[in-house]
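Trainee: Whatever this is, show me its structure:
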Amino acid sequence: MSDLYYDPWDVEIDLDPYPVYRRLRDEAPLYHNERHDFWGISRYTDVDAALRDPQRLSSAKGDILEVVKTDPVMPPGVFINEDPPLHSIHRALVSRAFMPKKMKALEDQVRAFCAACLDPLVGGETFDFVRDLGAELPMKTIGMLVGIPDADQPSVRAEAHRVLRNTPGEPLPVKKDHYFDGDMFTDYVKWRKKNPSDDLITELLAVEFEDQSGMTRRLSTGELLIFLAVIAGAGVETTGRLFGWMGKVLAEHPDQRQEMVEDRSLIPSAIEELLRYEPPGPHVARYVSQEVEFHGQTVPAGSALLLMLASANRDERQFDDPDRFDIRRKAGVHLTFGRGAHFCLGAPLARLEGRIALDEVLNRFPKWDIDIDNARRSRTATVRGWDTMPAIVS
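Mentor: Just a heads-up that it's a prediction; the model follows:
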């Protein structure tokens with residue numbers, strides 16, 4: 001009997017899952033965890049194909065493993081948990097906030113937010129990549145984009161954080177009758193109806209669209225509240241984790257960091273490599289609506305399937321020397337933002353924030369070491385990263 005074991009809630013495995021991922025790819029590219037009753041795929045080609053197959057591998061029951069297994073009541077408007085054609089309708093509405101033209105217009109504002117986070121720290125001996133940057137910049141950016149007032153942003157950030165927290169070693173508790181709501185935004189949406197502004201909510205309040213029944217209508221308040229909750233949660237938690245990895249990985253590769261100090265044109269490729277090397281969202285789940293076959297084995301309909309993005313990103317069948325961090329890496333496309341219909345809407349924004357943040361950090365702190373003894377891991381199975389990543393600047 002094989003001693004190969006993987007589950008995303010195992011704290012010890014999660015500290016460094018890559019050796020286990022390698023064994024999964026080599027020994028069990030289709031893996032079944034009997035204890036928690038889910039299937040998993042770990043090779044790049046399999047994960048890539050699964051992400052492009054919404055007919056058999058559905059998002060309608062969620063994209064987090066515990067949610068898929070619980071099958072809670074899903075309110076309308078959770079577009080990340082919908083399949084086409086409904087997903088296509090809702091996604092098109094929200095995507096207007098993430099168009100390239102809008103992202104370009106955001107650049108100066110994001111840089112100003114970044115400077116406001118970092119400038120007070122100049123002259124000190126330490127700063128924290130998560131507390132000082134990762135916890136602040138994504139929330140400020142999403143807040144501006146959507147129109148969440150500054151005073152409300154800390155509570156939105158805290159709620160986004162809370163809903164993804166699980167007890168270490170245990171699955172996230174999911175209520176069957178109530179999984180997702182946007183109640184915290186109710187008063188704000190009411191206020192915004194009376195006080196329109198230049199933000200996404202004002203735009204979505206006014207937009208008319210054709211729904212799946214062919215009726216032309218506006219969004220219901222319920223749909224709008226869910227849109228807000230989805231955008232705020234996804235944008236704050238995952239992007240925030242990227243900054244912790246930025247601090248740690250670049251401290252471990254000072255030569256490459258110095259190359260970027262001298263040549264800022266390397267920064268975009270460094271962000272892509274960081275996203276490949278330590279993805280903040282290591283996996284997504286799908287509900288198997290029709291049986292599907294991998295490597296001669298059938299995954300029965302009704303199963304939960306875990307797509308291991310972080311493993312696919314380190315698959316030596318796809319990437320040369322995949323366990324090496326290399327900001328000049330050219331070949332291969334990582335799967336951190338997914339693929340197909342559910343490709344991450346916020347990818348342009350995450351890339352923008354990462355690129356600007358790294359540039360601004362290097363402007364002020366070209367060298368740093370990590371105080372790893374005081375760095376604290378974030379204990380959540382759905383988003384992998386750090387609650388603190390203190391840096392000692394030199």
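Trainee: And the strands in the chain?
Mentor: Under the criterion DSSP state E, the chain contains strands at 30-33, 38-41, 57-58, 126-128, 208-210, 216-218, 284-288, 292-294, 297-299, 304-307, 368-370, 376-378, 385-388, 390-393.
Trainee: Please tell me how far the nearest residue to residue 323 once chain neighbours are set aside sits from residue 119.
Mentor: Counting by CB to CB, 6 or more residues apart in numbering, residue 314 is the residue found nearest to residue 323 once chain neighbours are left out, at 6.2 Å. In this view, the C-beta of every residue, glycine as well, is placed from N, C-alpha and C. Applying CB to CB, to the nearest Å, the value for residue 314 to residue 119 is 37 Å.
Trainee: the more surrounded of those two?
Mentor: Taking other CB atoms under 10 Å, residue 314 and residue 119 do not tie; residue 314 has more neighbours (22 against 11).
Trainee: how about the more buried one, what does it touch?
Mentor: By CB atoms under 8 Å, 6 or more residues apart in numbering, residue 314 lies in contact with 18, 21-22, 277, 322-323.
Trainee: Tell me where the model's unsure across the stretch 251-394 of the chain.
Mentor: Applying pLDDT under 70 to the stretch 251-394 of the chain flags the ranges 331.
Trainee: list the buried ones in stretch 83-101?
Mentor: Under the neighbour-count criterion of 16 or more other CB atoms under 10 Å, stretch 83-101 has 83, 87, 90-91, 93-94, 97-98 buried.
Trainee: For the residue nearest to residue 323, give me phi and psi.
Mentor: In terms of degrees, to the nearest 10, the main-chain angles of residue 314 are phi -110, psi 20.
Trainee: just to revisit the earlier point, and which of the buried residues of stretch 83-101 is nearest to residue 10?
Mentor: residue 83 (30.4 Å; CB to CB).
Trainee: Let's see the pLDDT reported for the closest one.
Mentor: Note on residue 83: pLDDT of 82.
Trainee: For it, give me phi and psi.
Mentor: With angles defined as degrees, to the nearest 10, residue 83 sits at phi -110, psi 160.
Trainee: Go ahead and confirm it touches residue 57.
Mentor: No - counting by CB atoms under 8 Å, residue 83 does not reach residue 57; the two are 9.5 Å apart.
Trainee: Just the buried residues of the helix ranked longest in the chain, please?
Mentor: Identified as the longest helix of the chain according to DSSP state H is helix 221-252. For helix 221-252, the neighbour count (16+ other CB under 10 Å) marks 223-251 as buried.
Trainee: Good, we can wrap up now.
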